[in-house]
Each structure stands twice: as C-alpha cells, then as structure tokens.
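Trainee: Give me a 3D structure for the following:
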Amino acid sequence: MTSVVIHAILGQKVTPLIVSDTRKLDLGLSRLMHTKLRWLDIPERVQYKLSLVMYLCQHNQAPRYPTDHCTPVSGTVFCQHLRSASSHQVCVPHYRLSTYGRRAFSVAGPPVWNSLPEDVRDPECSVDSYRQSLKTFLFSQY
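Mentor: Numbering: from 1, shown residues only. Just a heads-up that it's a prediction; the model follows:
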C-alpha cells in the first residue's frame with residue numbers, strides 16, 4: 001500500500017477513538033463510525049468519490065479531462081440498441097497496463113457508476129439529492 005493510503009487508514013482508525021473516548025480494541029468501533037459519525041470505510045469512500053465525479057461528468061459540471069473519458073453507452077453508435085443505453089450506463093474502456101491502467105479514472109470510474117442501482121443514477125436529481133441517495137445506498141451495504 002502507498003503511504004497516503006496507510007495514513008488515511010490510520011487517521012480513520014484513530015480519530016473515532018479520540019472523539020468517542022474509547023479504546024483501540026473496543027467492540028463496536030466500526031459501528032460507531034457508521035452510525036454516530038456517519039463515516040464510510042476507505043473502499044466505500046473511494047467508491048463515493050468516484051461516483052460523485054462520474055455524476056458531475058454526466059451533468060457537464062466536472063473538469064474537461066474526466067468529462068472527455070465518460071462516454072455514455074447511448075452515445076456510442078454500435079451500442080445504441082443495447083439495454084444499457086437506456087439505463088444511463090457509461091462505456092468502460094480497455095486498458096493495457098495491469099498495474100496502472102485499471103487505476104486511471106477513465107477505467108475505474110465507469111464500472112463504479114455502472115454498478116450503482118438505477119434509482120441512484122437518476123439523471124433528473126440534483127447534486128445534493130444524488131449525494132444523499134448515494135450515501136444511503138453505501139450505508140445500506142453494511
């Protein structure tokens with residue numbers, strides 16, 4: 001793991017101890033993080049951030065680089081007849097390098113977006129309601 005991820009994990013584990021005045025090995029610390037502090041674990045936080053940027057790309061509110069790499073399935077000529085074209089999904093590009101390729105936003109973002117339920121990917125909702133429904137969905141997975 002990179003040092004940034006290690007520091008994030010340590011920070012996420014130490015902060016609830018300070019806030020809640022509990023010990024390191026107390027049971028229910030992760031439950032405290034989820035219920036009282038409303039914090040997501042690191043993998044779900046990454047999924048939240050990727051999903052939010054994908055939402056902003058779909059609504060042309062993100063910077064140009066991520067927006068250029070978010071091609072809707074309905075915008076691709078060969079895929080317009082697929083079921084995924086009507087469900088607001090995004091094309092997942094191919095990549096060559098197995099080390100860095102899958103970590104690039106253009107490759108990591110679309111599968112996260114496509115894995116969300118259709119009601120969360122609703123194109124008519126505002127940014128605030130999208131954030132709320134996304135966080136509700138991620139917390140329901142615990």
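
Trainee: Tell me who's in contact with the nearest residue to Val112 once chain neighbours are set aside.
Mentor: Sequence neighbours aside, Leu50 is the residue nearest to Val112 in space, at 4.5 Å (criterion: CB to CB, 6 or more residues apart in numbering). For glycine as for every other residue, the C-beta is placed from the backbone atoms N, C-alpha and C. By CB atoms under 8 Å, 6 or more residues apart in numbering, the residues touching Leu50 are Phe105, Ala108, Gly109, Val112, Trp113.

Trainee: doesn't Arg102 make contact with the second one?
Mentor: In this case it means Ala108. Yes. When contacts are counted by CB atoms under 8 Å, Ala108 is listed as touching Arg102 (6.5 Å).

Trainee: More neighbours: which of those two?
Mentor: Ala108 (18 against 11; other CB atoms under 10 Å).

Trainee: secondary structure element for the more buried one?
Mentor: If you go by DSSP states H and E, Ala108 is part of helix 105-115.

Trainee: so for the helix or strand just after that helix, what's the average pLDDT?
Mentor: Under the assignment DSSP H and E, the closest C-terminal helix or strand after helix 105-115 is helix 127-140. Helix 127-140 shows a mean pLDDT of 91.

Trainee: now the residue nearest to Val112: how far from Pro43?
Mentor: Per CB to CB, to the nearest Å, Leu50 is found 11 Å from Pro43.

Trainee: quick one: what helix or strand has the residue nearest to Val112 in it?
Mentor: helix 42-58.

Trainee: Tell me the buried residues in that helix?
Mentor: Judged by neighbour count using 16 or more other CB atoms under 10 Å, the buried positions of helix 42-58 are Glu44, Gln47, Tyr48, Leu50, Ser51, Val53, Met54, Tyr55, Leu56, Cys57, Gln58.

Trainee: And for stretch 62-74?
Mentor: Buried residues in stretch 62-74, counted by 16+ other CB under 10 Å: Ala62, Pro66, Thr67, His69, Cys70, Thr71, Pro72, Val73, Ser74.
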